[in-house]
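Asks: The following comprises the amino acid sequence and a computationally predicted model.
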Amino acid sequence: MGSGGLPSGGVTKMYGKRGDLPIDHAKPNSRYDLYVKGKRVQSRWYDHNGNAVRNRDFDHQDAHHNHKFPHDHIWKDKGKYIDRHGRIREKLIRDEDDWVDPDETKYPS
Ligand SMILES: [Zn+2]
């Protein structure tokens with residue numbers, strides 16, 4: 001992963017609503033594409049642990065008109081925490097206002 005081309009873990013298409021893509025426990029080294037009403041609105045890439053590393057947003061709310069589409073968000077791993085089921089998980093966050101131009105070289109969509 002990260003060297004261009006399709007992710008080795010393949011591409012999973014999901015049909016649903018915004019926010020449906022997993023943040024963790026996804027297929028390792030993969031990309032998930034989210035379709036809402038037949039239109040791809042988001043892609044998300046995952047590392048070898050199945051944790052989110054990058055979003056590509058093709059479309060979402062832009063109340064302040066300060067986004068350019070498509071754009072990417074980079075997920076940051078803030079370390080481990082224990083969820084309410086007692087399971088150890090990675091705390092993964094991304095800042096919705098902190099977006100970058102799409103990296104179509106390393107993360108072709
Ligand atoms: Zn966005």
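Replies: Structure received.
Asks: got a list of what the one residue sitting closest to the centre of the chain touches?
Replies: With distances taken as Cα atoms, centre = their mean, residue 44 lies nearest the centre of the chain, 2.6 Å away. Taking Cβ atoms under 8 Å, 6 or more residues apart in numbering, we find residue 44 in contact with 21, 22, 26, 31, 32, 34, 52, 54, 55, 56. C-beta: built from backbone N, CA, C; applies to glycine.
Asks: among those, which are in strands?
Replies: In strands, defined here by DSSP state E, the members of the contacts of residue 44 are 31, 32, 34, 52, 54, 55, 56.
Asks: one step back: list the strands paired with the helix or strand where the residue nearest to the centre of the chain lies, with their directions.
Replies: Assigned by DSSP states H and E, residue 44 belongs to strand 39-46. Partners of strand 39-46 in the sheet, by DSSP bridges, are strand 31-36 (antiparallel), strand 52-57 (antiparallel).
Asks: can you put those in JSON lines and add distance to residue 8, mean neighbour count and mean pLDDT?
Replies: Converted to JSON lines, the strands paired with strand 39-46 look like this (distance: least, Cβ to Cβ, whole Å; neighbours: other Cβ atoms under 10 Å; pLDDT from 0 to 100):
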{"stretch": "strand 31-36", "distance to residue 8": "10", "mean neighbour count": "20", "mean pLDDT": "98"}
{"stretch": "strand 52-57", "distance to residue 8": "14", "mean neighbour count": "22", "mean pLDDT": "96"}
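Asks: Please name whichever of the ones you listed is nearest to residue 74.
Replies: Closest approach to residue 74 among the strands paired with strand 39-46 is made by strand 52-57 (5.7 Å; Cβ to Cβ).
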